[in-house]
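K.L.:
Please find the sequence and the predicted model below.
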Amino acid sequence: MNRNIKPSIIVFFLLLMSTWAGAQLKLPQVFGDHMVLQRDQQVRFWGWAEAGEQVSVSIDGLVVTTKSNPQGKWEVLYPEHAAGGPFTVAVQASGEIVLTDVWFGDVWVAGGQSNMEWKLGGKINNWEAEIADSDYPQIRFFEVPRELALSPQENISGGAWRVAGPGTAADISAVGWFFAKRNHLEKGVPVGLIQSNWGGTPAEAWTSAERLLEVPGYEKAAAEMLDETIDWEALKKANDEREKLKWDLIGDETTFMSLGAHLGEYDDSAWKSISLPNKEAIQDFVWVRKHVSLKSTKGMRLYMGEITQLCSVFLNGQLVSKESWQDSTGIVDISADIARKGDNVIAIRVSNSWDNRVWIGRPGEMWLEASGKRQSLEGEWKYSNTLEPPMPKVERFNWKPGVLYNGMIQPIAGYGIRGAIWYQGESNADKPHLYNELFETMIEDWRIHWRQGNFPFLFVQLANFMERKEVPQESQWAELREAQTQALQLPNTGMATIIDIGDANDIHPRNKQDVGKRLWAAARKVVFNEEVVFSGPSFSSQEVQGDRIILSFDQVGGGLTTTSGDLVGFAVAGADKQFVWAKAKIEGDQVVVWSDQIANPQYVRYAWADNPACNLYNKEGLPAVPFRTDH
């Protein structure tokens, strides 16, 4: 040994060699400090090491070992462990990884689109009080980064387990939180929530493209995604550039304010006229302006109905309201120093990042109020959609078959879970006839890749939404709800019906408490085998008796009831399937339905609409599942 080498250099060299030696030992990102491991079942650990290395995983005094394969991959199954903690997990090969504050409990994947993604801090009902009451350190959550991938990935780029509390709870999925909180309090165990969701995405994106080759309606798109002659990376890169430009234009307030269209003195005489609310969508970045005369400026309030979806509202050049995509248009209070007696100018800049189709206002809901007197703002406005550059044409790559499965499910599949909770379907409502087979395929696909048998899969049926119709008619949302109900034929599935807690004007209803509560009711039955009423009345059979139809139900519970007054929501038809509203009454555990207009009824529909008026419940307070007997 060269005695001229300084000891400090030797120490540095040894440390560096140690770092190199352990550099190949790696765990997937989903494993980390503060994580929850699934209790009472074997837990799969996997990762990467040098080829042929011995790898050991040690928890609570028990060590399991394996060897990595020639590609450096390894996995072990740790034996069943009861709920509890905290524990330290030590993974050793030529290097070592130590994870601390690890607990055994129940782990759930919370998947879907925006209604599952919607955070506790997103101004849901009673959100501030809920965050204040979120100090439950045995509830932990992990958010999978929103990343699409053109091929299945082995890992995700980031994410870490976080402990629930007032400082973190705003970032938890609201539906997931209310579900996890009940799991924790009622079962007395730690709960881990893996949030893997992305707003505005369809089920085909969450299903592997290989499986979609077998699903009617998706074969061609899946085959294209698997076509190696198509340079998807280049297409995605170009699309990403256009999308970045789109958002730059949307958020570039300096540029659009420099146009001066928000100012009262701006000359809009060359603009076209339009009647608001508009009956046809307007494309691109839209400006509308209107002069209004005021006799008083006291107690001023402005309401524009519903604006879709991003807008800045100005009065006399002053910004009075700003709306992002997750906001519902609200009533705006305006200070008296902004308004003036006589002529005033309202100017609004609107864009729609979702589909570039701008809608402004609703009949009877556009007004300006002062001193308690309200004047309508409906009718003629000036507008321009050429003042700014056109909205770049952006393709939704996150809608393509398999891309979210590749990037957000495949890398975590295999992590031990109790089951999955799922809230999605809005983005598939345009093709409801394809959804049942698609949805069932997705569930089976996840189960295959998780290698955990038919793990429980609990899902939320679509809420009521959109304008209520005066007469019975067809409904894509009703058809999609039916497709969701049909998925209950798969083993270990459960559904939360929320046909009564939606919002006609907002696809994101703020009552997430009842969604989580009803999902948990399904979990108590499907997962924990408790003898509980876990669903509202579910249609089982009908019997035609003359001019009446007798309906029987499962999940009657303590008995059938209504929330108020007579039963509503039923329609009947004869052999021609021309439905009319029906009268209905409860007789014991059955419902009798009839109409004076139909002498020989054959078919019944209940809550068959986008936003039905319906009030059949069981006495446990759970709403009846929408259904039809003519399909």
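P.N.:
That came through, no problem.
K.L.:
Strands of the stretch 101-250 of the chain, residue ranges please.
P.N.:
Taking DSSP state E, counting those that start in this stretch, the strands of the stretch 101-250 of the chain run over residues 139-143, 162-163, 191-197.
K.L.:
ok, now the stretch 351-500 of the chain?
P.N.:
357-360, 366-370, 373-376, 379-384, 419-423, 457-460, 493-496.
K.L.:
do the same with the stretch 501-631 of the chain
P.N.:
Counting by DSSP E, counting those that start in this stretch, the strands of the stretch 501-631 of the chain are 538-545, 548-554, 560-562, 570-573, 580-581, 583-587, 590-594, 603-606, 616-618, 627-628.
K.L.:
hmm, who's touching stretch 249-256?
P.N.:
285, 310, 312, 349, 351, 353, 388-389, 391-392 (CB atoms under 8 Å, 6 or more residues apart in numbering). For the C-beta atoms, the positions are set from N, CA and C on the backbone; glycine is no exception.
K.L.:
Name only those of these that count as buried.
P.N.:
Buried members of these, scored by 16 or more other CB atoms under 10 Å, are 285, 310, 312, 349, 351, 353, 388, 391-392.
K.L.:
sorry, back to before: kindly reformat the contacts of stretch 249-256 as CSV containing distance to residue 104 and pLDDT.
P.N.:
Formatted as CSV, those follow (distance: CB to CB, whole Å; pLDDT from 0 to 100):
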residue, distance to residue 104, pLDDT
285, 53, 96
310, 45, 92
312, 50, 93
349, 53, 95
351, 48, 95
353, 42, 91
388, 56, 94
389, 56, 93
391, 50, 93
392, 49, 94
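K.L.:
Between the residues you listed, which sits nearest residue 140?
P.N.:
Nearest to residue 140 out of those is residue 353 (CB to CB; 32.5 Å).
K.L.:
and the chain, what are its domains?
P.N.:
Following automatic domain parsing, the chain resolves into domains at 253-384, 538-628.
K.L.:
what's the spacing between the first one and its chain's center?
P.N.:
Domain 253-384 has its C-alpha centroid displaced from the chain centroid by 30 Å (CA atoms, centre = their mean, to the nearest Å).
K.L.:
do the same with the shortest one
P.N.:
In terms of CA atoms, centre = their mean, the centre of domain 538-628 is found 30 Å from the chain centre.
K.L.:
From one end of that domain to the other, what's the distance?
P.N.:
11 Å (CA to CA, to the nearest Å).
K.L.:
Report the residue spans of this protein with pLDDT below the cut-off.
P.N.:
1-23, 325-328 (pLDDT under 70).
K.L.:
which residues of the protein fall in helices?
P.N.:
7-22, 114-117, 127-132, 174-187, 209-212, 219-225, 232-251, 253-258, 403-404, 432-450, 476-486, 513-526 (DSSP state H).
K.L.:
Deepest in the core, which of these is it.
P.N.:
Of all the helices of the chain, helix 403-404 has the most neighbours on average by mean count of other CB atoms under 10 Å, namely a mean of 27.
K.L.:
what's the offset of that one from the middle of its chain?
P.N.:
15 Å.
K.L.:
And for stretch 137-153?
P.N.:
14 Å.
K.L.:
List the buried residues in it.
P.N.:
138-144, 147-150, 152-153.
K.L.:
Between which two of the contacts of stretch 249-256 is the distance greatest?
P.N.:
312 and 392 (19.7 Å).
K.L.:
Serialize the buried ones among the contacts of stretch 249-256 to a markdown table and add fields for distance to residue 533.
P.N.:
Below are these laid out as a markdown table (distance: CB to CB, whole Å):
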| residue | distance to residue 533 |
| --- | --- |
| 285 | 52 |
| 310 | 43 |
| 312 | 49 |
| 349 | 51 |
| 351 | 47 |
| 353 | 42 |
| 388 | 56 |
| 391 | 49 |
| 392 | 52 |
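K.L.:
Just the closest of those residues to residue 211, please.
P.N.:
Nearest to residue 211 among these, with distances taken as CB to CB, is residue 353, at 30.7 Å.
K.L.:
where's the closest one relative to residue 246, distance?
P.N.:
Using CB to CB, to the nearest Å, we find residue 353 at a distance of 7 Å from residue 246.
K.L.:
check contacts around the closest residue in space to residue 243 that isn't next to it in sequence.
P.N.:
Once flanking residues are discounted, residue 243 sits nearest to residue 394: 4.7 Å by CB to CB, 6 or more residues apart in numbering. For residue 394, the contact set (CB under 8 Å, 6+ apart) comprises 239, 242-243, 246.
K.L.:
State the phi and psi torsions of residue 394.
P.N.:
phi -120, psi 130 (degrees, to the nearest 10).
K.L.:
In this structure residue 25 contacts residue 56, no?
P.N.:
No. Applying CB atoms under 8 Å as the test, residue 25 and residue 56 come out as separate, 10.9 Å apart.
K.L.:
more neighbours, the two?
P.N.:
Set residue 25 next to residue 56 and count neighbours by other CB atoms under 10 Å: residue 25 wins out with 22 against 14.
K.L.:
chain center to stretch 434-454, what's the gap?
P.N.:
18 Å.
K.L.:
quick revisit: make CSV out of the domains of the chain and add distance to residue 437.
P.N.:
Below are those laid out as CSV (distance: least, CB to CB, whole Å):
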stretch, distance to residue 437
domain 253-384, 26
domain 538-628, 19
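K.L.:
of those domains, which approaches residue 194 most closely?
P.N.:
domain 253-384 (22.5 Å).
K.L.:
and the end-to-end length of that closest one?
P.N.:
Domain 253-384 end-to-end distance (CA to CA) = 17 Å.
K.L.:
Equivalent analysis for stretch 281-292, please.
P.N.:
24 Å.
K.L.:
Quick check: buried residues in that stretch?
P.N.:
In stretch 281-292, counting by 16+ other CB under 10 Å, buried: 282, 284-290, 292.
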